[in-house]
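Asks: here's a sequence, model it:
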Amino acid sequence: MNLRTDTTAEQILDRLADAQAAFEAGRDMPPRTRAAWLNAVADALTSHSDELIPLAQTETHLATARLQGELKRTVFQLRLFAEEITSGGHLDAIVDHADPDWGMGPRPDLRRMNIPLGVVGVFGASNFPFAFSVIGGDSASALAAGCAVVHKIHNGHRTLGERTAQIVTAALAAAGAPAGLFSTATGRTAGEALVDHPLVQAIGFTGSTSGGRALFDRAMARPAPIPFFGELGSLNPVFVTERAWAARRDSILHGCADAATGSMGQLCTKPGLVFVPRFPLTEVAAVLRTHLANLQPSPLLTPHLREGFDTALAAIVALPDVEVLLAGNDADAPRPTILHTTAEAIRKDPTLLQRELFGPATVLISYTNESELLELAGLLEGQLTATVHAEPDETPAALVDRLRTLAGRVIWNGWPTGVSVTHAQHHGGPYPATTAPATTSVGTAAISRFLRPVTYQSFPDPQLPPALQDDNPWGITRRVNGIHQSPVR
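Replies: The predicted model follows:
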């Protein structure tokens, strides 16, 4: 019997008040101090990995190796953010000294930098118990930006979330961070309070399109709307040219099968739609069946997700001209399902292009002529990723140009699963993939979501923030009178 109770309205108000006080106490700390806090959390997660991995495996059914890799990614992400803010790049500090001879007339002394927004509410994801959860990308980037965080733990891995939060808060306290800088909450009341409360200045969300849209609308309905950085859903279409299919059909099918069934298809970047030249159904089904014969399925993350997957799969199978190429089953750990339809059917009814299958299934869509791909791409909504498989000397420029208008990441001869945490990464895309397509939830640029710029005009140097003072006491990278300058250390 589960005797745990959710966070009460009174408790969430106290935590938000503590978060605001912690934000005010810590927002002007030097970047190196804040970086030390992030590194302390990374150290703590590493030292508790033998405890956290089994907890995660018990609650999510994900493979141990996958969870070990995800925790490693989470630790790496914290350390990368620490390095990024130490250099001060996230502050985008710009100094324009007064110039009486400026081209458009005398220029006053103007100095601009980014400042943290305040308290940020974060909603954890079900499918990444470390990387997009308690101290995953949204929480880590908000802390790196100088914000305080109240994180709503996902019910799908609540025990893990609560234990992770204990480790994080203890590490921050030992490193000297203000009490209340990071806290957690559970339950619907807490989630609604994070969106509604005037102390909360932004929301980070990873989850379903329906849930994310409801919270987004709620954030926009506030008397003072706040930024809502929501990752909602994506089908991640893959387009295979005729020459690529002829040259390496089986390897493309193997890659597709692996990407669509990895982590039981419960990835936001799973290839859900694969456009290929017309093919003999029985032959391709045999290739897929052989390749997936040794797959060891596992239960989906939660009963709720399983119910949603079954419902969505049944609805797609019921559409006209959709065939089951490789049948799954109703087992607790279901076998993968591969469906097939045609470009002609899609043009008649593009409904399938708006339905995500969050589980071990994907759809092959066969076309008659490669010239159809541009039109088919035009029927798609916003996506996190879009992929082209082509031969090295092919130049499908028109298709790539179309894909970059609908996706945040365009991939050549690869698969969209596996989102590297790095400086150039963009994990976002036009709606409904996200609610803020100009931002990313992965990579160092994620920090900028929780900052906003302020310009100081004609201030005496001692009254300026350290990042803007002439002697650059924080030793950060800046742009001074139009020239990028790196401090000499």
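
Asks: now the residue nearest the centre of the chain: how far from residue 6?
Replies: Most central in the chain under CA atoms, centre = their mean is residue 441, positioned 4.1 Å from the mean C-alpha point. As defined by CB to CB, to the nearest Å, residue 441 lies at a distance of 26 Å from residue 6. Glycine gets a C-beta too; all of them are placed from N, C-alpha and C.

Asks: could you do residue 167 as well?
Replies: From residue 167 across to residue 6, the span is 21 Å (CB to CB).

Asks: just residue 279 next, same as before
Replies: Going from residue 279 to residue 6 by CB to CB gives 51 Å.

Asks: now swap in residue 343 and tell me
Replies: For residue 343, the distance to residue 6 equals 48 Å [CB to CB].

Asks: neighbour count winner among these two?
Replies: Shown here are residue 343 and residue 6; by other CB atoms under 10 Å, residue 343 has more neighbours (19 against 16).

Asks: which residue, other than its chain neighbours, is closest to the more buried one?
Replies: Leaving out its chain neighbours, the residue that sits closest to residue 343 by CB to CB, 6 or more residues apart in numbering is residue 367, at 4.1 Å.

Asks: in the sheet, who's paired with that neighbour?
Replies: With DSSP bridges as the criterion, residue 367 is bridged to residue 277.

Asks: I'd say it and residue 273 touch.
Replies: No - with contact defined as CB atoms under 8 Å, residue 367 does not count as touching residue 273 (11.9 Å).

Asks: who's more crowded, the two?
Replies: More crowded of residue 367 and residue 273, by other CB under 10 Å: residue 273, with 24 against 21.

Asks: list the beta-bridge partners for the more buried one.
Replies: In this structure, residue 273 bridges to residue 363 when assessed by DSSP bridges.

Asks: which residues touch it?
Replies: Contact analysis of residue 273 by CB atoms under 8 Å, 6 or more residues apart in numbering lists 235-238, 352-353, 362-363, 365, 380.

Asks: what about residue 484, helix or strand, and which?
Replies: Assigned by DSSP states H and E, residue 484 belongs to strand 483-485.

Asks: give the buried residues for that strand.
Replies: When neighbours are counted by 16 or more other CB atoms under 10 Å, no buried residue of strand 483-485 is found.

Asks: give the contact list for residue 242.
Replies: Applying CB under 8 Å, 6+ apart, the residues contacting residue 242 are 277, 370.

Asks: go again using 10 Å as the cut-off
Replies: Residue 242 makes contact with 276-278, 367, 369-370, 373, 390-391, 394 under the criterion CB atoms under 10 Å, 6 or more residues apart in numbering.

Asks: and the helices in the protein, which stretches?
Replies: Using DSSP state H, the helices of the chain run over residues 9-26, 31-47, 49-60, 64-87, 137-145, 158-174, 188-196, 209-220, 242-261, 281-291, 303-317, 343-348, 372-377, 397-406.

Asks: pLDDT averaged over the fifth one, what's the number?
Replies: On average, the pLDDT along helix 137-145 is 98.

Asks: just the CA coordinates for that helix, please, in PDB.
Replies: Provided in PDB are the C-alpha atoms of helix 137-145 (Å, rounded to 0.1, in the frame of the first residue of the first chain):
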ATOM      1  CA  GLY A 137      18.700  19.400 -18.500                       C
ATOM      2  CA  ASP A 138      16.100  21.900 -17.500                       C
ATOM      3  CA  SER A 139      17.000  21.900 -13.800                       C
ATOM      4  CA  ALA A 140      20.700  22.000 -14.500                       C
ATOM      5  CA  SER A 141      20.500  24.800 -17.100                       C
ATOM      6  CA  ALA A 142      18.300  26.900 -14.800                       C
ATOM      7  CA  LEU A 143      20.700  26.500 -11.900                       C
ATOM      8  CA  ALA A 144      23.600  27.300 -14.200                       C
ATOM      9  CA  ALA A 145      21.800  30.500 -15.300                       C
END
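
Asks: tilt between that helix and helix 158-174?
Replies: 10 degrees (axes from the mean of the first three to the mean of the last three CA atoms, to 10 degrees).

Asks: centre of the chain to helix 137-145, how far?
Replies: 12 Å (CA atoms, centre = their mean, to the nearest Å).

Asks: check which residues of that helix are buried.
Replies: 137-145.

Asks: give the contact list for residue 122.
Replies: 132-142, 147, 149-153, 182, 184, 194, 202-206, 229.

Asks: how close does the closest residue to residue 423 other than its chain neighbours sit to residue 90?
Replies: The shortest distance from residue 423 to any non-neighbouring residue, by CB to CB, 6+ apart, is to residue 444 (5.0 Å). Per CB to CB, residue 444 is found 8 Å from residue 90.

Asks: and for the two, which residues touch both?
Replies: Contacts common to residue 444 and residue 90, judged by CB under 10 Å, 6+ apart, are 81, 84, 141, 144.

Asks: and those, which two are furthest apart?
Replies: 84 and 141 (9.6 Å; CB to CB).

Asks: between the two, what contacts are shared?
Replies: With CB under 10 Å, 6+ apart as the test, residue 84 and residue 141 both reach 90, 443-447.

Asks: pick out the most distant pair among these.
Replies: Spatially, the most separated pair among those is 90 and 443, at 12.0 Å (CB to CB).

Asks: neighbour count: these two, which is higher?
Replies: residue 90 (26 against 23).

Asks: for that one, which residues are in contact?
Replies: 31, 81, 84, 113-114, 116, 141, 144-146, 444-448, 450-451, 476.

Asks: any low-confidence regions in the chain?
Replies: Along the chain, the model assigns pLDDT under 70 to residues 1-3, 488-489.

Asks: recalculate using a threshold of 80.
Replies: Judged by pLDDT under 80, the chain has its weakly predicted residues at 1-4, 487-489.

Asks: the domain parsing of it - what is it?
Replies: What the record gives for the chain is the domain set 9-232+438-485, 238-412, from automatic domain parsing.

Asks: residue 419: which of the ones you listed is closest?
Replies: Residue 419 lies closest to domain 9-232+438-485 among the domains of the chain, at 5.2 Å (CB to CB).

Asks: what sits against the residue nearest to the centre of the chain?
Replies: Residues counted as contacts of residue 441 (CB under 10 Å, 6+ apart) are 125, 132, 136-138, 141, 204-206, 229-231, 268, 384, 408, 419, 425-428, 434, 449.

Asks: which of the residues you listed fall in strands?
Replies: 204-206, 229-231, 384, 408 (DSSP state E).

Asks: between the two ends of stretch 446-461, how far is it?
Replies: Stretch 446-461 has an end-to-end distance of 31 Å (criterion: CA to CA, to the nearest Å).

Asks: show me which residues of that stretch are buried.
Replies: Using 16+ other CB under 10 Å as the test for burial, stretch 446-461 gives 446-451.

Asks: how about stretch 71-81?
Replies: For stretch 71-81, by 16+ other CB under 10 Å, it's 71, 73-75, 77-81.

Asks: and for stretch 286-299?
Replies: Judged by neighbour count (16+ other CB under 10 Å), stretch 286-299 contains these buried residues: 287-288, 291-292, 297-299.
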